[in-house]
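Colleague: Everything below, folded, please.
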Amino acid sequence: MTNMRVAITGGAGFVGSNLIARLAELGGYDVVVLDNEVLGSREAIADCDVTFVSGDIRDPETVENVLEGVDAVVHLAADTRVIPSISEPKFNFDVNVGGSLVVLEAMRRLGVNKIVNASTGGAIIGEAEPPVHEAMVPAPLSPYGASKLAVEGYCSAYVASYGIKATSLRFSNVYGPRSWHKGSVIALFIKQILRGETLKVYGDGSQTRDYVHARDLADGIIAALQSDATGPIQLGTGIGTPLNAIIDMLRDISRQDIAVEHQPFRTGEIVHTWCDIGHARDTLGYAARIDLQDGLEETWRWFVDNRDRLSL
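Modeller: Modelled structure (predicted):
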């Protein structure tokens, strides 16, 4: 295929590093990464052939320099922390909404007409009977969810007003290798197990999430890059898994007796959510292929193999 030059904001993070590795495996992509290295690290993509720019999506000059001459943007950069967004909503807004508007405006000025925007399902839809899907009325429970909904709105407006093709992929809970800086539950639990710490569970552990492997997610992003689809699309597995089942699988994989401490449920967090991936299947030909047990085993092995340089 003809080379596609792609700018990836937040490309040194967990999803970005897995996406870049997958693009390199497939070939035909020239990648430039913009990352401020607050939550990500260029070390995460040191094994990949990319152009790296250290900078912030809120800086218009830097963003324009990165987007000059690209064919498409994968917009991953964001403040993705749900609980901190409740205590610092303005910071979350400035990064997620303000930064995204800087990216969209740079695209408009430079004539870049394709963006795949990283969004979220559960945080936008709120507490609703799962599976969540694109036709549901949004009701965010946290400022983080509200910020992601706002960015989806701006993407929709830029489609209608400026002809930019904008796809907002609503990620479910992503896990997998290269998740050294990831604070989400699977990466956090594995790091705690390797350190011999007690796992902290908010609630009784019955809460369900849709856990999707980063490589499946990368394939969904790439399918969206190659598509003219616009609007929100749910990406996950379509399966809700209780947190207690994750702990049981990690006990089996690690062969360790894992201690668990229960705390009250936290404000702003959803109890049960998983997604309907029918629209992704019909629009992008997407399907999650990696079994959760197999994916957890791969992720565990990655952390064990890299524990020395991760200072675990």
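
Colleague: which stretches of the stretch 201-312 of the chain form helices?
Modeller: 214-225, 243-254, 278-284, 292-305 (DSSP state H, counting those that start in this stretch).

Colleague: Among the ones you listed, which comes closest to residue 6?
Modeller: For residue 6, the closest of the helices of the stretch 201-312 of the chain is helix 214-225, at 6.9 Å, according to Cβ to Cβ. No exception for glycine: its C-beta is placed from N, CA and C like everyone else's.

Colleague: what's that closest one packed up against?
Modeller: helix 14-26, strand 72-75, strand 114-120, strand 165-171, strand 173-175, strand 231-235, helix 278-284 (3 or more Cβ pairs under 8 Å, 6 or more residues apart in numbering; DSSP states H and E).

Colleague: Turn the ones you listed into TSV, columns for mean neighbour count and mean pLDDT.
Modeller: Formatted as TSV, the helices and strands packed on helix 214-225 follow (neighbours: other Cβ atoms under 10 Å; pLDDT from 0 to 100):
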stretch	mean neighbour count	mean pLDDT
helix 14-26	22	96
strand 72-75	26	98
strand 114-120	25	97
strand 165-171	25	98
strand 173-175	23	96
strand 231-235	24	98
helix 278-284	18	98
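
Colleague: For residue 258, which of these is the nearest?
Modeller: Between the helices and strands packed on helix 214-225, strand 173-175 lies closest to residue 258; by Cβ to Cβ that is 16.9 Å.

Colleague: Apart from its neighbours in sequence, what residue is nearest the residue in the chain sticking out farthest from the centre?
Modeller: Distance from the C-alpha centroid of the chain, by Cα atoms, centre = their mean, peaks at residue 257 (30.5 Å). For residue 257, ignoring the flanking residues on the chain, the nearest one in space by Cβ to Cβ, 6 or more residues apart in numbering is residue 251 at 7.4 Å.

Colleague: ok, back up a step: out of the helices of the stretch 201-312 of the chain, which is the most enclosed?
Modeller: Comparing the helices of the stretch 201-312 of the chain by mean neighbour count (mean count of other Cβ atoms under 10 Å), helix 214-225 comes out on top with a mean of 24.

Colleague: so that one versus strand 231-235, what angle?
Modeller: Helix 214-225 and strand 231-235 are oriented at 160 degrees to each other (axes from the mean of the first three to the mean of the last three Cα atoms, to 10 degrees).

Colleague: Please render the helices and strands packed on helix 214-225 as CSV that adds distance to residue 108 to the earlier fields.
Modeller: Formatted as CSV, the entries for the helices and strands packed on helix 214-225 read as follows, by distance: least, Cβ to Cβ, whole Å:
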stretch, distance to residue 108
helix 14-26, 23
strand 72-75, 12
strand 114-120, 11
strand 165-171, 11
strand 173-175, 29
strand 231-235, 19
helix 278-284, 25
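
Colleague: Which one of those lies nearest to residue 213?
Modeller: Using Cβ to Cβ, those put strand 173-175 closest to residue 213, at 6.6 Å.

Colleague: and whichever helix or strand comes after the closest one, how far from the chain's centre?
Modeller: Sequence-wise, the next helix or strand downstream of strand 173-175 (DSSP states H and E) is helix 185-194. Between the centre of helix 185-194 and the centre of its chain there are 18 Å (Cα atoms, centre = their mean, to the nearest Å).
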